[in-house]
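Undergrad: Need the 3D shape of this:
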Amino acid sequence: MNFSFTLFKTALLSRWRAGLLLLLLPLTAFGARALLPPEEASAPVQVGVVLPEEGGEAFWERLEKRSGLVAAFRRSGLSRAEREVAAGRWDCALVLPEDFEDRLTRLEVDGLFTLVTGPGSAVYPMVRETASACVAELISPGMAEEYLLDSGIVEADRLETVRPRLRQVLLDRDRVLVSMETWDGRPLDPLVLADSGVSGLLSGLTAILLLIWALLAAMDLGRWLDAPFARRLRPLRGASALLLPRLGAALVPALCAGALALLAVDRPLPCILSLVPYLLFWGAAALALAQCRPVWSALPAVIPFVPVLGVILSPMLLDLSLLFPALGPAVRWNPVTLYLRACGGSWSDALLLAAAGAVLLVLPPLLERKRA
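TA: Numbering: from 1, shown residues only. Just a heads-up that it's a prediction; the model follows:
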């Protein structure tokens, strides 16, 4: 035990220069987070609305209720709306005709609006759909009256008795409600998903950088195991017993740096706790790789591809298995994916990482004993 502790302490003190590189991990995470302030990321775009001199109040009332975190509607005159759109301060502007009320009464909605856009306009399709929804709400009673009369369901002399019901707002239990969710069953809230997307990106990048650190540690352990000092001790103590203290000296700074970096995400505690099984898995993998000289000597050629494969084969940015189902198993059982799912609260994935790490940790000593 004293020998292992001395080896751990010596390795930890000898790696302090390399450990300084790990300070870049939390600095990078907090720097990336600072580039996306939530106040600016969620600021609504401005949309101008030009109403006719008479009428249009009911439409404006419904449109104003739909102002929110995506688009904010601003009532203005035509000249100001054109100036603001041309200057890029407003995304677009909605112009109503002077006979707006008369056309609604006659149920003439073809070409009802004029949409003023600029070179940088982006949300005008959503504005068009929102305005159409407001118009549909206004003309739906009239359309219902025409349908009832044309189909013979209601006679003209009884229309006044059913008209109040046509303008009645249904309760939630009587409506056809549409709820949106992601492919994995989470509620589809754009702003929440945007925030979670940033957190997932930071967590994924942290996981990939720690993976690279573990592979570099495997190379370092392999070279040290080939040194004359380790060769003389290997028959007495075994390769795994010699490498474990040095592996711990490599992973302790990585755990600390990763925990500091993950303080930048929205829910840091699950992500930090999930680092333990994640680093256990890759630490055990590094221990196994370090005992196979052809493998660890080939790692310098493999490491440059690790970030690319880590991004592609994990749902950090996009789950490619949705587009290419053949990649499903590779994406699902990728350790980075398991870590990201553990960050989301799937502790079964964390346990799977821990179990796989335990197997990799126990397997090399068992093989050594069998060979002996």
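Undergrad: With residue 149 as the reference, measure out to the residue with the largest distance to the centre of the chain.
TA: Distance from the C-alpha centroid of the chain peaks at residue 157, with 58.6 Å (C-alpha atoms, centre = their mean). According to C-beta to C-beta, to the nearest Å, residue 157 and residue 149 sit 11 Å apart. (C-beta placed from N, C-alpha, C; glycine too.)
Undergrad: where do the strands sit along the stretch 1-150 of the chain?
TA: 45-50, 71-75, 92-95, 114-117 (DSSP state E, counting those that start in this stretch).
Undergrad: And the third one, what does it pack against?
TA: Contact partners of strand 92-95 among helices and strands, from 3 or more C-beta pairs under 8 Å, 6 or more residues apart in numbering; DSSP states H and E: strand 45-50, helix 78-87, strand 114-117, helix 124-151.
Undergrad: buried sites along the second one?
TA: Of the residues in helix 78-87, those buried under the neighbour-count criterion (16 or more other C-beta atoms under 10 Å) are 81-82, 84-85.
Undergrad: Identify the farthest-apart pair in those residues.
TA: Greatest spatial distance among these (C-beta to C-beta): 82 and 84, at 7.5 Å.
Undergrad: shared neighbours of those two, which are they?
TA: Here residue 82 and residue 84 share the contacting residues residue 93, scored by C-beta atoms under 8 Å, 6 or more residues apart in numbering.
Undergrad: wait, which of the buried residues of helix 78-87 is closest to residue 133?
TA: When those are compared against residue 133 (criterion: C-beta to C-beta), the nearest one is residue 81, at 20.9 Å.
Undergrad: Just confirm that closest one contacts residue 47, I think it does.
TA: No. At 9.3 Å, residue 81 and residue 47 do not qualify as touching, with contact defined as C-beta atoms under 8 Å.
Undergrad: between those two, what contacts are shared?
TA: 90, 93.
Undergrad: these two touch, right, residue 338 and residue 349?
TA: Yes. Contact status for residue 338 versus residue 349: in contact at 4.3 Å, counting by C-beta under 8 Å.
Undergrad: what's around residue 276, how many residues?
TA: Neighbours of residue 276 under the rule other C-beta atoms under 10 Å: 16.
Undergrad: Could I get the full set of helices for the stretch 201-350 of the chain?
TA: 228-237, 239-261, 268-290, 293-302, 306-312, 328-332, 335-343, 347-371 (DSSP state H, counting those that start in this stretch).
Undergrad: so which of those comes closest to residue 31?
TA: Of the helices of the stretch 201-350 of the chain, the one closest to residue 31 (C-beta to C-beta) turns out to be helix 239-261, at 10.5 Å.
Undergrad: list the buried ones in stretch 217-236?
TA: For stretch 217-236, by 16+ other C-beta under 10 Å, it's 217-222, 225, 230, 233-234.
Undergrad: would CSV of the residues you listed with pLDDT be doable?
TA: Shown next, in CSV, are the buried residues of stretch 217-236 (pLDDT from 0 to 100):
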residue, pLDDT
217, 88
218, 90
219, 90
220, 88
221, 87
222, 87
225, 85
230, 73
233, 73
234, 73
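Undergrad: on that earlier part again, can you tell me which of the buried residues of helix 78-87 lies nearest to residue 140?
TA: Distance to residue 140 across these (C-beta to C-beta) is lowest for residue 81, with 28.0 Å.
Undergrad: can you tell me which residues contact the closest one?
TA: By C-beta under 8 Å, 6+ apart, residue 81 lies in contact with 48-50, 90, 93, 95, 116.
Undergrad: same thing but 6 Å
TA: 48, 50, 93 (C-beta atoms under 6 Å, 6 or more residues apart in numbering).
Undergrad: Tabulate the strands of the stretch 1-150 of the chain (a markdown table), appending mean neighbour count and mean pLDDT.
TA: Shown next, in a markdown table, are these (neighbours: other C-beta atoms under 10 Å; pLDDT from 0 to 100):
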| stretch | mean neighbour count | mean pLDDT |
| --- | --- | --- |
| strand 45-50 | 21 | 90 |
| strand 71-75 | 18 | 89 |
| strand 92-95 | 23 | 92 |
| strand 114-117 | 16 | 89 |
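Undergrad: of those, which approaches residue 360 most closely?
TA: Across the strands of the stretch 1-150 of the chain, residue 360 has its closest neighbour in strand 45-50 (51.1 Å, C-beta to C-beta).
Undergrad: I'd like the distance from stretch 132-143 to the chain centre, please.
TA: 37 Å (C-alpha atoms, centre = their mean, to the nearest Å).
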